[in-house]
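S.K.: prediction below, plus the sequence it came from.
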Amino acid sequence: MNSSTGTPNSHQLADRKIQHLELAQKSQTDKFGLDSRFNYEPLFYAHESQGDWKTSFLGHELDFPLWVSSMTGGTVLAQTINQNLSRLVGKYRLGMGLGSCRPLLESDDRLKDFDLRRNLSDSPFFANLGVAQVEELLDQGKVHLIHEMVKRIEADGLIIHINPLQEWFQPEGDKFKKSPLVTLKNFLETAKYSVIVKEVGQGMGPKSMKALMDLPIAGIEFGAFGGTNFSLLENLRSDQANNKESLIHVGHTAREMVSFVNALGNHNKEIIISGGIKSPLDAFELLNLCQSRSLVGMAYAFLKPASESFEVLENFYLSFRDAMLTARGLLEIKGE
Ligand SMILES: Cc1cc2nc3c(=O)[nH]c(=O)nc-3n(C[C@H](O)[C@H](O)[C@H](O)COP(=O)(O)O)c2cc1C
C-alpha cells in the first residue's frame, strides 16, 4: 500500500488478483439463493454519505432503532451479561428491557444484576415481570412491591410478559387464575409509569393485538415466533413424553405481526419488533414495513457476544449497524 495515497502497490494488486482467481470457484451462487425481498438500486448510493439512523422511542432520543430485548437476571453470569449489554446501550443510545425482575420482589440480594441505570445515561430502560407475578401480587394486595421495584432500579417503566404457553410447558409453571387481559386492566389502574406488554417467542394473534391497542399501555413488544421459543425450551426441561409438542409450533412471526399492526390503523402505541430477528436485513425489512413508530429488538443475537466481552459485543453491534445502514442505502422493499 502506498502510505501517502492509500493506493495498493503492484505487488498487492497482483496478490489480490491471485486470490480472486482462487476464490472464484468457491464463490458461485445460484438463482435459488437470491434474497428476493428487495430491489437493489446501486445507482443512488455512496459509501461516504451513509448518514445515521436517529430515532426516538417513548420520548427518548435514540442513535439507532435497536432494542436489547429482555433476558434473564438472577445469576452471576447474568450480571456480566447485563453489565455488557447496558454499557452498549448507554454508549450507543439504544434501548433495553431487563429480564424478569422477580428476584427483586423478594430481596435485594441480586440487585447488582439489575441496577444498571448508571451505565445507561438517559436511554430507555424497562423492568420486567411475568403476568403471573402481577396477578399474584394484585391478589395479595401487594402490587406496591412492583411500583417500588421499578422506582428502586430507576427504570422508565415495566414490561409485562404474557407467556401462557411457556407456563403450561414449564414443569413447575404458574397457572393463571384470570386472563392476562383482566390482570393487565387491574394492574394498569395502579401504575403511574409506562407499561409495555410482550410475548416470549410465540407472538400474538390479531385479536390479542387489538385488545392491547385498546389498553392504556405505552408500547407492545412482539416476542414473535421464529427465534428463541420458551415452549420448546421448557419442553426440553421436562424429560417425559407428554403429547404437548405440537403446541410448540403455533404463533405468529414478526412479519405477520407487522401486518396485524398495520391493519389496525391509527393508534398511539410504540412497537418493538422482536422475536426471530436474525440478520440486519430482517431488521431493515421489518422496520420499513411497519407503519408505526418502531424499533427492532433482539435477545438471543446479543446473548453470545454479551457473554464473551464488551469488545466482542460492541463489534457485533457496530457490524450489525453498518449492514443495516448499507441496506438502507442500497435496497428498497418490493411492493407486496
Ligand atoms: C436467555 C433468555 C432469557 C429470557 N428471559 C426473558 C425474561 O425474563 N422476560 C421476558 O419477557 N423475556 C425473556 N426472554 C425472551 C426474549 O425477550 C424474546 O422475547 C425472545 O427471546 C425472542 O427473541 P429472540 O428470537 O431475539 O431471542 C428471554 C430470552 C432469552 C434468550
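M.R.: Perfect, thanks for sending it. Numbering: from 1, shown residues only.
S.K.: return the distance of residue 201 relative to the ligand.
M.R.: From residue 201 over to the ligand the distance is 5 Å, taken as C-beta to the nearest ligand atom, to the nearest Å. Every residue, glycine included, has its C-beta placed from N, CA and C.
S.K.: count of neighbours near that residue?
M.R.: Residues near residue 201, counting by other C-beta atoms under 10 Å, number 28.
S.K.: quick one, phi psi at it?
M.R.: Main-chain torsions, residue 201, degrees, to the nearest 10: phi 130, psi 10.
S.K.: burial check on the closest residue to the ligand within the stretch 151-300 of the chain, number of neighbours?
M.R.: Residue nearest to the ligand within the stretch 151-300 of the chain: residue 227 (2.0 Å; C-beta to the nearest ligand atom). Using other C-beta under 10 Å, residue 227 is surrounded by 20 other residues.
S.K.: state the pLDDT value of it.
M.R.: At residue 227, the model reports a pLDDT of 97.
S.K.: around the ligand, pick out the residues from the stretch 201-336 of the chain.
M.R.: Those residues of the stretch 201-336 of the chain that sit near the ligand, judged by C-beta under 6 Å from any ligand atom, are 201, 223, 227-228, 274-277, 298-301, 303.
S.K.: let's see 8 Å
M.R.: With C-beta under 8 Å from any ligand atom as the criterion, the stretch 201-336 of the chain meets the ligand at residues 201, 221-224, 226-230, 274-278, 297-303.
S.K.: give me the most central residue, the protein.
M.R.: Residue closest to the average C-alpha location in the chain (C-alpha atoms, centre = their mean): residue 297, at 2.1 Å.
S.K.: so the host helix or strand of residue 86, near the ligand or not?
M.R.: Using DSSP states H and E, residue 86 maps to helix 76-91. No: Helix 76-91 is not in contact with the ligand by C-beta under 8 Å from any ligand atom; minimum separation 8.6 Å.
S.K.: what residues sit buried inside that helix?
M.R.: 78-91 (16 or more other C-beta atoms under 10 Å).
S.K.: what score does the nearest residue to residue 170 once chain neighbours are set aside have for pLDDT?
M.R.: With C-beta to C-beta, 6 or more residues apart in numbering as the measure, residue 234 is the residue that lies nearest to residue 170, at 4.3 Å, once sequence neighbours are left out. Residue 234 is assigned a pLDDT of 90 by the prediction.
S.K.: contacting residues for residue 234?
M.R.: For residue 234, the contact set (C-beta atoms under 8 Å, 6 or more residues apart in numbering) comprises 166, 169-171, 173.
S.K.: and these as CSV, adding neighbour count and secondary structure?
M.R.: Formatted as CSV, the contacts of residue 234 follow (neighbours: other C-beta atoms under 10 Å; DSSP: H, G, I helix; E, B strand; the rest coil):
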residue, neighbour count, secondary structure
166, 24, helix
169, 24, helix
170, 17, coil
171, 11, coil
173, 16, coil
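S.K.: what two of the residues you listed are the furthest from one another?
M.R.: 166 and 171 (11.5 Å; C-beta to C-beta).
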